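Novice: here is a sequence with its predicted model. Questions after.
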Amino acid sequence: MHPKEYKKEKNGTGHMTKLQLENSEIIVGVDFTNNDRVNELLTKDGSCSCLLYPGKDNFNLSVETSSEINSYIGDSTNLFILDGTWPCARKMLKLSKNLHQLKRVSFDNNIKSKFVIKQQPDSLCLSTIESVYTVLNLLNDADVEECETKDFLLPFEKMIEYQLECILNPDNKSYRSSANRLLLPKDMYKKNLGRNIIFEQQG
């Protein structure tokens, strides 16, 4: 996660996603080549790691069969996600040599992001929480995960609704007093205890 996401955007989608998933953690840094925690996860016995990042030659969760996904992902996989703007994510990946050899996964996206208050480099680019939501649904369909995602995007959608209201009604103080109502239950969405999701943040 980029430092702007970590330090300034406390309601950023990376933070929201982390609060809703067990076995997820945030690791701060730009170059993770010598990051102790990242390298610990990469070298842990009995586990493997994948990087969620777009690319033509990636393992595409949208087109592979359930058996192929099960074989590729495995039961104890660390899924690394570079959380930040696209330019920052590219820089983080470029500098982090230990991530270069990771298996990469991606998906086909046919929906438009609901993150209308942020400018995306492409109309089909998704926020972190939307990307994780998509991946969880694909893993559910492949019987790799058993995770309830029906209301997974609800806090995100409420945040967008709140911010749009503030933009349209900047003098409406009632929204400021109700901001804390967007608190997230930590255990709302439970995932496979053998799989981690790691949000890497620039710092």
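Specialist: Right, received. Where do you want to start?
Novice: need the three-state assignment for N78.
Specialist: strand (DSSP: H, G, I helix; E, B strand; the rest coil).
Novice: partners of it in the sheet?
Specialist: According to DSSP bridges, the residues that bridge with N78 are S49, N196.
Novice: surely S47 is in contact with E40?
Specialist: No - contact criterion CB atoms under 8 Å: S47 and E40 do not qualify, at 10.5 Å. C-beta: built from backbone N, CA, C; applies to glycine.
Novice: between those two, tell me which one has more neighbours.
Specialist: The residue with more neighbours, out of S47 and E40, is S47; 16 against 9, by other CB atoms under 10 Å.
Novice: which non-adjacent residue is nearest that one?
Specialist: Closest residue in space to S47, ignoring its immediate chain neighbours: S76 at 4.2 Å, by CB to CB, 6 or more residues apart in numbering.
Novice: for that neighbour, give me the pLDDT.
Specialist: Listed pLDDT for S76 reads 77.
Novice: likewise for E161?
Specialist: Note on E161: pLDDT of 88.
Novice: what residues of the one helix or strand it maps to count as buried?
Specialist: E161 belongs to helix 154-168 when elements are defined using DSSP states H and E. For helix 154-168, burial by neighbour count (16 or more other CB atoms under 10 Å) applies to P155, F156, M159, I160, Y162.
Novice: quick one: the third one and K112, what's the gap?
Specialist: Note on M159: its distance to K112, by CB to CB, to the nearest Å, is 17 Å.
Novice: follow-up on the earlier one: give me the neighbour count for the residue nearest to S47.
Specialist: Other residues close to S76 by other CB under 10 Å number 16.
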